[in-house]
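K.L.:
Need coordinates for the below:
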Amino acid sequence: MNVAVLVFPGSNCDIDCYKAVEHTIRQPVEYVWHQATDLSKFDLILVPGGFSYGDYLRCGAIARFSPVMEEVRKAAEAGKYVLGICNGFQILLESGLLPGAMRRNNSLKFKCAPTTLEVANNDTAFTRDYAAGEKIQIPIAHGEGNYYCDDETLARLEANRQIVFRYSGENPNGSVADIAGITNERGNVLGMMPHPERAVDTLLGSSDGKRMFTSVLTAWRGTAHGAATAGR
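P.N.:
Numbering: from 1, shown residues only. A predicted model of the protein is given here:
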């Protein structure tokens with residue numbers, strides 16, 4: 001499985017994502033600069049956290065116009081896997097690849113701490129190695145993670161089981177319905193504010209993020225391309 005880690009001016013979790021792939025699934029992984037215009041070789045695209053373009057205007061509002069995002073859209077439409085983490089989630093929202101928007105944390109403060117999540121849907125390519133309702137420890141680090149959508153969109157997310165992670169116990173940012181991560185309707189694009197790439201080894205305080213990467217690898221191996229590659 002070929003993995004791309006996108007890099008925008010201001011990205012600062014790209015190395016974390018790269019190392020997480022190396023540590024958890026040991027698949028070919030490359031950094032891809034935001035001006036790239038071809039992602040056809042990649043099976044999984046990671047849109048990392050950080051402060052793309054300094055978070056000017058709104059988080060992700062400028063990055064969405066980078067040439068690579070048109071290729072991300074094409075990849076998503078082709079059914080490839082896309083995982084946006086923190087600022088990456090914000091970019092996916094700004095790009096229209098996921099519904100809703102981000103607001104500032106209700107405390108108006110940057111929050112950086114371990115967080116308990118509930119796996120609200122384990123029937124996705126990103127969560128199949130978790131149990132339904134399982135509580136996992138994944139850290140957050142954001143100032144604008146207050147996910148918002150209108151009632152109609154929320155009802156649609158609920159009906160389609162697109163809410164994948166919810167904050168359990170304390171909601172650190174005020175997000176509607178305690179939402180921490182959602183997918184698109186097809187289920188191949190996931191955006192989440194917590195950082196699974198920072199929770200892939202007990203030395204980091206938690207290894208609960210590791211199963212997100214193993215889940216995607218298992219899902220990819222179940223596809224026709226993955227099965228053909230594994231059989232070589």
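
K.L.:
quick one: the helices in this structure?
P.N.:
14-24, 67-77, 87-94, 151-159, 210-221, 224-230 (DSSP state H).

K.L.:
where does this structure dip in pLDDT?
P.N.:
For the chain, the stretches with pLDDT under 70 are 224, 226-232.

K.L.:
for it, what spans make up the strands?
P.N.:
Along the chain, the stretches classed as strands by DSSP state E are 3-7, 29-33, 44-47, 81-85, 101-103, 111-119, 135-142, 146-148, 163-167, 179-183, 189-192.

K.L.:
Any chance you could list what contacts stretch 21-34?
P.N.:
1-9, 14, 18, 39, 42, 46, 63, 66-68, 200-201, 210, 213-214, 216-217 (C-beta atoms under 8 Å, 6 or more residues apart in numbering). Bear in mind the C-beta positions are built from the backbone N, C-alpha and C, glycine included.

K.L.:
list the contacts for the closest residue to Ile91 other than its chain neighbours?
P.N.:
Using C-beta to C-beta, 6 or more residues apart in numbering and skipping residues adjacent in sequence, the residue nearest Ile91 is Gly60, 3.8 Å away. Going by C-beta under 8 Å, 6+ apart, Gly60 touches 52, 87, 90-95, 102.

K.L.:
Tell me the one among those nearest to Asn122.
P.N.:
Closest approach between those and Asn122, by C-beta to C-beta: Leu92, at 21.1 Å.

K.L.:
Quick check, that closest one in contact with Gly191.
P.N.:
Yes - the criterion here is C-beta atoms under 8 Å, and Leu92 meets it with Gly191 at 4.6 Å.

K.L.:
Return the set of residues that bridge with the residue nearest the centre of the chain.
P.N.:
Centroid-nearest residue in the chain, with C-alpha atoms, centre = their mean: Gly84, separated by 3.0 Å. Beta-bridge pairing for Gly84 (DSSP bridges): Val47, Gly191.
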